[in-house]
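Visitor: Pasting a predicted model and its sequence here:
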Amino acid sequence: MWALIQDDKVVEIYNYPKSVIINEVRYPSNMFTLYTKEEKEQIGIYDVVEKTKPSIQFGYTSQVTFEYDTVNKVVNETFDIFDYALEDTPTKDEKGNILLDDHKVPRVTQGLKTQEINNTKNKAHGDIRRFNWLVERFVYDNTQTIPSDVSTYVAAVRTACATICTAIENATTMDEFKVLFEHTYNEDGEVTKVAPIHDWPDEYDVRKYTR
């Protein structure tokens, strides 16, 4: 990313190389990559130092602005970072009054914790539902027992779901919440511990029973 600077002010931002006209001179698109830093600065083109954006999973940013650093001769991308709410918050109208649903219960905007708990429970339900046909078969014919591998797996899914939900509930800060999504790696970049939010039992032994 580059910026056109005139009179120490950002005039235009270029997100990708393109042919441009500066002071009535047209420059080819490859100018951005072929010219040296000094050559570009002579015509007013400066590199933009991009700021690391947060994961959209956890937050959002304000409108991006660009500021020219006259000392270091670079353009800095700037924006404010805002975290999404972890906890549920009451939904209010324009006057600040809490809105109620048809049952006179306060409406809420779900926080990240509630959203992830719901996602976790939905995953557990979906993982277990694949074996419902075995339960139905046993109801109609009790000689057709449910395989022990399936019973063990289903119990493990329920335990994992409870463990993950508890970890989510116990997160009181955004940093604690983010840790739940982080794998642990060794020096070779291999995962040595799965992120708590994804720590589900292995389904290898029960795949043949899924429907």
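Guide: Everything's here; your move.
Visitor: List the contacts of Tyr153.
Guide: 201, 203, 205-206 (Cβ atoms under 8 Å, 6 or more residues apart in numbering). Just so you know, the C-beta spots here come from the backbone N, C-alpha and C atoms, and that holds for glycine as well.
Visitor: Out of those, which sit inside strands?
Guide: Members of the contacts of Tyr153 lying in strands (criterion: DSSP state E): none.
Visitor: Look up phi and psi at Gln57.
Guide: phi -70, psi -30 (degrees, to the nearest 10).
Visitor: who are the neighbours in contact with it?
Guide: Contacts of Gln57 (Cβ under 8 Å, 6+ apart): Phe181.
Visitor: Now, of the contacts of Tyr153, which are buried?
Guide: 201, 206 (16 or more other Cβ atoms under 10 Å).
Visitor: Now distance to Tyr153 and pLDDT too, for the contacts of Tyr153, in CSV please.
Guide: Below are the contacts of Tyr153 laid out as CSV (distance: Cβ to Cβ, whole Å; pLDDT from 0 to 100):
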residue, distance to Tyr153, pLDDT
Pro201, 6, 97
Glu203, 7, 95
Asp205, 7, 95
Val206, 5, 97
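Visitor: Which of the contacts of Tyr153 sits closest to Asp88?
Guide: Distance to Asp88 across the contacts of Tyr153 (Cβ to Cβ) is lowest for Pro201, with 29.5 Å.
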